[in-house]
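Participant: 3D model of this:
(one chain, ligands or ions: 1)
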Amino acid sequence: MPKAKYRVLDQLKELLQNSKKVTTQQVAKKAGLSRGVTSSYLSKLYHEGLIIKSGTKPVYWQIAIQGDAFSAMIGADGSLKKIVDECKSAVDYPPHGFPLIITGPSGVGKSYLASLVFKYAQEKGVIAKDANFAVLNCADYANNPELLSSVLFGYKKGAFTGANTDMPGLVDQADGGYLFLDEVHRLPRESQEKLFVLLDSGDFYPLGENQKKKHVDVRFIFATTENLDNTLLQTFQRRVPLQVQLSSIADRPLLEQCQLIEHFFKKEAVDMQRDIKVPYETIKQLINTRQIGNVGSLANQIKLLCAEAFRKGQDASILRISLGKKDGKYEDDASWLIRGTEHHQPIESQITDYAPSLGTLLSTLEKQEQRPGKINEQSLTITRFLRDTRKTAANLVLDKYFTNYIRQELIQAVQQISARYGVVKEVSQNKLNRAAQMISLLQKTLDLPTASAVLDLAKKHYPRTAYLCRKTMELVDIRVDSDWFELLLLYTIFDHEASQIENQDLLAILVCHGGGMASSICSVVNDLCGNYIFEAFDMPIDVSNQEISHQINNYIKQQGRKYDGTVLLFDMGSLSNMYREVKSLLDTDLLVINNLTTAVALDIGLQIQQKQEFKKIAEKAEKYPNSMNIQYYEGISQKQNIIVSCMSGVGLSREVKQILTSVLQSDVEIITMDYRDLKTTLQNHDHLYFKNTCFVLTTADVPEQNVAEVINIYDIMDKNGDSQLRVLLEQMGENKRTINQLMDELLRFFTIGGIKGRLRFMNPEVVIPEVQDITAKFEEYYHLNLSGKIKLNLYMHIALMFERMMLNNDRPVQELDVKDMPEVEEEFYSVARNIFHDAETKYNIQVDDYELSLMYELFKPMLIKE
Ligand SMILES: Nc1ncnc2c1ncn2[C@@H]1O[C@H](COP(=O)(O)OP(=O)(O)OP(=O)(O)O)[C@@H](O)[C@H]1O
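Facilitator: Numbers count the residues shown, from 1 in each chain. I've put the predicted structure just below:
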């Protein structure tokens, strides 16, 4: 006795014989049921996809159109659509269709597709309803060519011992129908020729028959797991116009993988007449395990799982699958419930092409996104779109398992994001459902309209949030158009918090060596601040500064907006090197703190959250306990400033800063900067960037530029340089007395006496003559006549370099890439290595490529001039 709802379905079918569509009232009357009961049955049938509805008051019902043979094949309206269309052409093509060859790895559905081609041909009436589908797996007879030939072509009485009567072969059986030769590459040579004649003319000779040929009308399908380049297959290719390739299950869309899983569980449930509960993790595992035997193995694996569940829970009303779960214990809402009792007939899901409506959705979103700050409107638009789509598409309901799968993936991803970034902590189920439904819908649309224009706009308005959306996306193992995905996450999951996430003026980064320390501090601090303040990078213990800066650079590049400053907290390594690496990537102020603890990160995080000015944060950082020399604050200031950059090291620049600060009267900020950074900063910025910079004081010439006034400190020993600096100081409002005092102190600082005073560790009486000797060797080699100030510069540089290297001699040796180096530079390196050799031995140091490159900077103008 069929269920009541199916009796209602039968009544509806009867009514529809006389009219195109009928109302609930009409069905109720015919079925002799109340309107309410009838309506609930109709609604169930609708959700099963068996009927469709139109109109609102009254609602009209019709039977859903039943599909053709291929509609039962999962993917027929998706990734296999093109293949199905081609197969249909091979059947329909007048007068007899044409042969086809199906290729693909084992278990992808080659035999299944062949059987559907045959069924379709029957449905279309191009072959008789009782036509045969003869199948031969050539591999079964590959070692016995004669037997294969007899099975295929039949034999004549007496053809061989035991051939007592004439025997028809598969070719005879297939007359008027189809012959499917599987594993055709195993067809023995003896049979190939005969088969080609049969293919060309329909004629063949049974075994033992040479005179009377037979003629048949057979359609052919071949299948092989081999590559078509195989020689036998090439001869086939010439005769077989259509080749279709079925891809492995892992290459199919996730939607189809889920559908296949659902399909096989459903089949088992119906066979066992039991409901089955499948945990989400099992589904995930089934998807993620590479199925070597593809769809076939998947079906077998599911059968085994069901058999195990059946053995364990024979009396239970619901069988619980327990792959990947101990004792089948799991949350009910994280599982699929597959009904075994439900009416089970192939349902053609209504094929709706969502592309046009998604296109309309995009243009609405784009129009709205033109006006920033209306993200709630965007979210509402998507909710409305889903509601309207749901009204017309039974698919969304049919695909609830797939949507559920995506929802679970999203839940896990969002939980991880919330643990790391302190946002999206309480995302409602509704939001997750919406996101999952939209993604499910995208999977069903083959030609998705491109969302890049809307996404680009949205990224401009919500760059930080978009970054988090990308991070979320990386955690979700679903292949879906990434522009759409990012946009949907933004509008459906992050919409409420986007403005809070964007409300940050500083970029904050944590870097730690070894383990997951940076990440763990990042999680704690972001969580306590309740916002995405920091991003963290956990680095291997032996990572180079370049690698760190590479990662940070990637992060900075992804920002898509300007910040007022950057704060970088890291745990070890050379502060100035780190600073140099990162500074060149930024054109904002940079605070680097080499003291990464949760307390420091939290203090900085809270200040950033309270929108404390960068400068104030930096000033406070300088006062952290135990932080002497472990933080470093630089940057082009908003205040009137002087930049000091000494090639011979940061220490020297600091001392010059000290002189300037103690002597100058005006309120001016003294900024110290690495020489290389100075060069790139001057190169990469215009004069506006230096609008508050009075001048730059350096110990070496910088390439010509016109963005800032640069004075080489050694030039002030000349009259010209002296008056140039005096003018600049006067313009700043300094009086004559302080200017004189400053000039005196700078001169003292940069003389031999000054150099001796700078050496804290080495004996100046030994080093200075040595340094003079080295300088003289360079002069001699290059036939130079160095001026006093250049010599002084070299003495200072080399002496301080020796001391720096002796104090720091366990630092990694830096090597430069000599590949594209000009000849003159290469020569300089080899000459310099020679000249420094004695000193290196004496002081047990190694003047590395980086140091040599600095020396080269000093010599370059003179060498190139030559
Ligand atoms: N798209 C599909 N939808 C539903 N069922 C499918 C689909 N593809 C394959 N199957 C099922 O998967 C199983 C394996 O398919 P089939 O035997 O046709 O693969 P095959 O490529 O011929 O394998 P082999 O190369 O090992 O012979 C069959 O039970 C088939 O019904």
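Participant: Contact partners for residue 225?
Facilitator: 103, 104, 105, 106, 183, 185 (C-beta atoms under 8 Å, 6 or more residues apart in numbering). Glycine gets a C-beta too; all of them are placed from N, C-alpha and C.
Participant: contacting residues for the last one?
Facilitator: So the one you mean is residue 185. 138, 224, 225, 226, 230, 232, 233.
Participant: one more time with 10 Å, if that's ok
Facilitator: Neighbour list for residue 185: 103, 138-139, 142, 222-228, 230-233, 236 [criterion: C-beta atoms under 10 Å, 6 or more residues apart in numbering].
Participant: ChimeraX command to pick out the buried ones of those residues?
Facilitator: To isolate the buried members of those in ChimeraX, using 16 or more other C-beta atoms under 10 Å:
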select :103,138,222,223,224,228,232,233,236
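Participant: Test for you: state the pLDDT assigned to whichever residue of the stretch 51-200 of the chain sits closest to the ligand.
Facilitator: When scored by C-beta to the nearest ligand atom, the stretch 51-200 of the chain has residue 109 as its residue closest to the ligand, at 2.7 Å. As predicted, residue 109 sits at a pLDDT of 94.
Participant: and stretch 611-624, which residues are buried?
Facilitator: Burial within stretch 611-624, assessed by neighbour count using 16+ other C-beta under 10 Å, is assigned to 614, 615, 617, 618, 621, 624.
Participant: before we move on, back to that, which of the contacts of residue 185 come close to the ligand?
Facilitator: residue 225 (C-beta under 6 Å from any ligand atom).
Participant: Strands of the stretch 151-300 of the chain, start to end?
Facilitator: Using DSSP state E, counting those that start in this stretch, the strands of the stretch 151-300 of the chain run over 178-182, 203-204, 214-215, 219-224, 242-245, 275-279.
Participant: Need those in CSV (columns: distance to residue 85 and mean pLDDT).
Facilitator: Below are the strands of the stretch 151-300 of the chain laid out as CSV (distance: least, C-beta to C-beta, whole Å; pLDDT from 0 to 100):
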stretch, distance to residue 85, mean pLDDT
strand 178-182, 19, 95
strand 203-204, 32, 93
strand 214-215, 32, 93
strand 219-224, 16, 95
strand 242-245, 10, 92
strand 275-279, 33, 86
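Participant: The spatially closest residue to residue 482 that is not a sequence neighbour: neighbour count?
Facilitator: Leaving aside its sequence neighbours, residue 482 sits nearest to residue 473 (C-beta to C-beta, 6 or more residues apart in numbering; 6.5 Å). When counting by other C-beta atoms under 10 Å, one arrives at 16 neighbours for residue 473.
Participant: Same question for the one 4 residues further on.
Facilitator: Here the number of neighbours of residue 477 (other C-beta under 10 Å) works out to 12.
Participant: Quick one: closest of the strands of the stretch 151-300 of the chain to residue 599.
Facilitator: strand 275-279 (42.1 Å; C-beta to C-beta).
Participant: Pairing partners for the closest one, with directions?
Facilitator: strand 318-320 (parallel), strand 335-338 (antiparallel) (DSSP bridges).
Participant: got the residues of this structure near the ligand?
Facilitator: With C-beta under 6 Å from any ligand atom as the criterion, the chain comes near the ligand at residues 73-75, 104, 106-112, 225, 263, 295-296, 299.
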